[in-house]
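Student: Model the structure of this input:
(2 chains)
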Amino acid sequence: MDGSKNGISGDQAAGVEQNTRREFMKQAAVLLGTAGIMSMVPMGTRAAAWAGGSDAPELKEVKVGFIPLTDCASVVIASVMKFDEKYGIKLVPSKEASWAAVRDKLVNGELHAAHVLYGLIYGVELGIGGQQKDMSVLMTLNNNGQGITLSNQLKDKGATSGTALKKLVDSEKRDYTFAQTFPTGTHAMWLYYWLASYDINPLSDVKTITVPPPQMVANMRVGNMDGFCVGEPWNNRAIYDKIGFTATTTQDIWKDHPEKVLGSTAEFAQKYPNTARALIMAVLEASKYIDDMSNRHKVAEIIADKAYVNCPVDVIDQRFEGKYEDGLGKKWNDPNYMKFCNDGAVNFPYLSDGMWFLTQHKRWGLLKTDPDYLAVARKINQIELYKQAASEVKVSVPKDVMRTSKLMDGTVWDGKDPKKYAASFKVRA
Amino acid sequence: MRQLLCFAQAPRLIALITVWLAYCCIVFKMRGAKLKRILIIDDLRDRAAWLKASLELADFDVVGVLAWEQVSEQSIQAASADVIIVDANAPGRDTLEQISLMSTTLEKPVVVLGAQKDQRSIEAAMRAGVSAYVAHTVQGEDLRGIIQVAAARFSEYKRLRDELKEAKDQLVERKLVDQAKGILIADHGYSEADAYKRMRSMAMSKGKRLVEIAEAIILAKELSA
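Tutor: Here you go, the predicted model:
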């Protein structure tokens, strides 16, 4: 009787503890077959099962790294609003200077988990650009809310859209430089996808460099780059500082795209399943809290602090509340603003989301051969652990581990044939 | 016949030994030369200078010291270093990551310093694969020497800086105490020893530091002046 097959925290199947409630739970799960049916078991029973004895968090303190960006909000709020204490842990947010440092600290155990780029976790699992390490995605932290900014110099040349940019790149030959935040990360993939949709090859037609998010605006100001892709508040900051404009939001590249995840090593999730579950629950509660729009301004004020994003509240607040302007005179209320929960649609670690990053890593030559897409995603995305946590905090769990999305160029991604999808792009490495 | 055989074989033996020696020399040289050229990237110029000096003392060749804003594919290429040493906490590390990943010719072992202070935690980090993350050709074992020197120098740098700060603070404090003593002597006619004794006993009874009492006396004097 292996617990992991039945949706109960995996490694406890050794059955040393003779906890009758848990035994009952295991049997119930076996009888009922799948974890999805777990939601039919009365809430009180499950709460009691995980709160009792051996199911209490193995660690009291959980160190969680983050990078100063608007989408670190749920990690920060889980700690500031004390959602962590409710689940028997103390979440200690740790501000990090670079994604490379986040990765290294996860790998060597200085951090237990982190607010991290989806693609980075997959990159480490596959040993892209560094030592391979088995990794885990505990949950997705947010959808949407990143953007591509172009410089005012490009605006003066008339390059205010992708099509116009393509014309300029073709007609006026020089080195065009675009920045993203990490080679395997989400911003690199959004930027590449957007450029390629306009028939600009990000690897050969222009130069792409990596710049830390808080330094993007300063670098554009001194003329080091023509455009960048980064998370908020830095696109809005470029408008605020009058040095650039928003060419596109990332939700216009892929509506409700996955962005940051709560990542850890596989070792952490295996060794401390109860702590990991408690952490997911605390961050899920924070996500719900942030998605209540009446709380957004307060959250913006909290994360604007020097200890977190270190940026004026106004710059964070506008887009955080869905109020967009592009710096070219257009203003709109974006229904696809940065979402943190959306009743669980955001947070479920869809296998198709994880595989998408692998298909793009393959497309851009970061992976030389096709990996076993589905097997890798299954290994990394901790669906069972997430399901337990989500049902515990009354967040809906979708039925399917895949979802279907239509991207800006009209292509549909449903996770069914990743190898074919990865090979289907005309513009590639 | 036997003699002839020996004579016939001797040159071959000598030739063999010569070839073997030459081979050893090359291997030895290669091993020594493998990690000779070091590039340091650090915004703190004095720290970089310390590191450079110490590496040169250990017979390494520091081919360049760059600030982070100077880091580009060209500048890394131009340095043609064997090893790059950077501060673990520098935001610019992601920039370097992209450069090493996208241009395979620039794959270099990057030694990250700063986060770990003692040799044991550096070794633990290395075992976890941290410092050698672009070292496809170079194993952690080869980097050890550099890390030992650099890490030792890092902690030496930190110790000296702390000592310097302490010395400076002490000098400032002594000046303040002397000034306060002067006030007490001039305004109340105490001897120097008495002035000091009064300040010290007040510090003890109030549970404050001597320099805080001195500051209070100076402030009071300024107020009444």
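Student: Then A:L91 would be within a strand, right?
Tutor: Yes. Assigned with DSSP: H, G, I helix; E, B strand; the rest coil, A:L91 falls within a strand.
Student: ok, it touching A:M281?
Tutor: No. Using C-beta atoms under 8 Å, A:L91 is not in contact with A:M281, being 11.0 Å away. Where C-beta positions appear, they are placed from N, C-alpha and C, glycine not excepted.
Student: Okay, domains of chain A per the record?
Tutor: In terms of domains, chain A is parsed into A:4-40, A:61-144+A:257-402, A:146-253 (source: automatic domain parsing).
Student: and the longest one, how far from the chain's centre?
Tutor: Same thing as domain A:61-144+A:257-402. Its chain's C-alpha centre and that of domain A:61-144+A:257-402 lie 4 Å apart, by C-alpha atoms, centre = their mean, to the nearest Å.
Student: same check, this time on stretch A:217-236
Tutor: Relative to its chain's centre, stretch A:217-236 lies at 21 Å (C-alpha atoms, centre = their mean).
Student: Let me know whether it sits next to chain B.
Tutor: No. Using C-beta under 8 Å from any C-beta of the partner chain, stretch A:217-236 never reaches chain B; the gap is at least 8.6 Å.
Student: Stretch A:57-65 now?
Tutor: No. On the criterion C-beta under 8 Å from any C-beta, stretch A:57-65 is out of touch with chain B, staying 12.4 Å away.
Student: So for residue 68, what's the nearest residue that isn't a sequence neighbour?
Tutor: You didn't pick a chain, so chain A it is. Leaving aside its chain neighbours, A:P68 sits nearest to A:V309 (4.6 Å; criterion: C-beta to C-beta, 6 or more residues apart in numbering or on different chains).
Student: um, chain B though
Tutor: Nearest one to B:W68, counting by C-beta to C-beta, 6+ apart, is B:G92 at 3.7 Å.
Student: now swap in A:L141 and tell me
Tutor: For A:L141, ignoring the flanking residues on the chain, the nearest one in space by C-beta to C-beta, 6+ apart is A:K260 at 4.3 Å.
Student: got the phi/psi numbers for the residue nearest to B:W68?
Tutor: phi -70, psi 0 (degrees, to the nearest 10).
Student: and if you look at A:V116?
Tutor: Residue torsions, per degrees, to the nearest 10, at A:V116 are phi -150, psi 150.
Student: so it sits right up against A:T265, yeah?
Tutor: No. A:V116 is beyond contact range of A:T265, at 11.5 Å (criterion: C-beta under 8 Å).
Student: how close does the nearest residue in space to A:V395 that is not next to it in sequence get to chain B?
Tutor: Spatial nearest neighbour of A:V395, excluding adjacent residues (C-beta to C-beta, 6+ apart): A:G344 at 4.1 Å. From A:G344 across to chain B, the span is 31 Å (C-beta to the nearest C-beta, to the nearest Å).
Student: before we move on, what SS does whatever residue of the stretch 251-400 of chain A ends up closest to chain B have?
Tutor: Ranked by C-beta to the nearest C-beta, the top residue of the stretch 251-400 of chain A for proximity to chain B is A:L366, at 7.5 Å. Secondary structure for A:L366, judged by three-state DSSP, is coil.
Student: pretty sure it is touching A:G123, no?
Tutor: Yes. A:L366 is within contact range of A:G123, at 7.1 Å (criterion: C-beta under 8 Å).
Student: Please identify which of the two sits among more neighbours.
Tutor: For A:L366 versus A:G123, neighbours defined as other C-beta atoms under 10 Å in any protein chain shown are more numerous around A:G123 (27 against 23).
Student: A:M220 sits in which helix or strand?
Tutor: helix A:216-221 (DSSP states H and E).
Student: Count residues in the vicinity of the residue nearest to A:N201 when sequence neighbours are not counted, would you?
Tutor: Excluding its sequence neighbours, the residue lying closest to A:N201 (C-beta to C-beta, 6+ apart) is A:V427, at 5.3 Å. A:V427 is flanked by 19 other residues according to other C-beta under 10 Å.
Student: Check A:K271 too.
Tutor: 13.
Student: which ones are touching it?
Tutor: Neighbouring residues of A:K271 by C-beta atoms under 8 Å, 6 or more residues apart in numbering or on different chains: A:E58.
Student: where does it land on pLDDT?
Tutor: For A:K271, the model assigns a pLDDT of 97.
Student: how close does it sit to A:K60?
Tutor: 15 Å (C-beta to C-beta, to the nearest Å).
Student: A:G147 is in contact with A:T250, isn't it?
Tutor: Yes. Using C-beta under 8 Å, A:G147 makes contact with A:T250 at a distance of 6.2 Å.
Student: which residues do the two both contact?
Tutor: A:C229.
Student: what is A:A113 paired to in the beta sheet?
Tutor: A:V64 (DSSP bridges).
Student: right, and it touches A:V64 too?
Tutor: Yes. Using C-beta under 8 Å, A:A113 makes contact with A:V64 at a distance of 5.0 Å.
Student: Overlap in contacts, these two.
Tutor: Shared contacts of A:A113 and A:V64, counting by C-beta under 8 Å, 6+ apart, come down to A:L262, A:L279.
Student: Would you mark the buried spots in the helix or strand containing A:A300?
Tutor: Using DSSP H and E, A:A300 sits within helix A:296-303. Counting neighbours by 16 or more other C-beta atoms under 10 Å in any protein chain shown, one finds that the buried residues in helix A:296-303 are A:R296, A:V299, A:A300, A:I302, A:I303.
Student: hmm, back to that, common neighbours of A:L366 and A:G123, please.
Tutor: A:G129, A:P183, A:T184.
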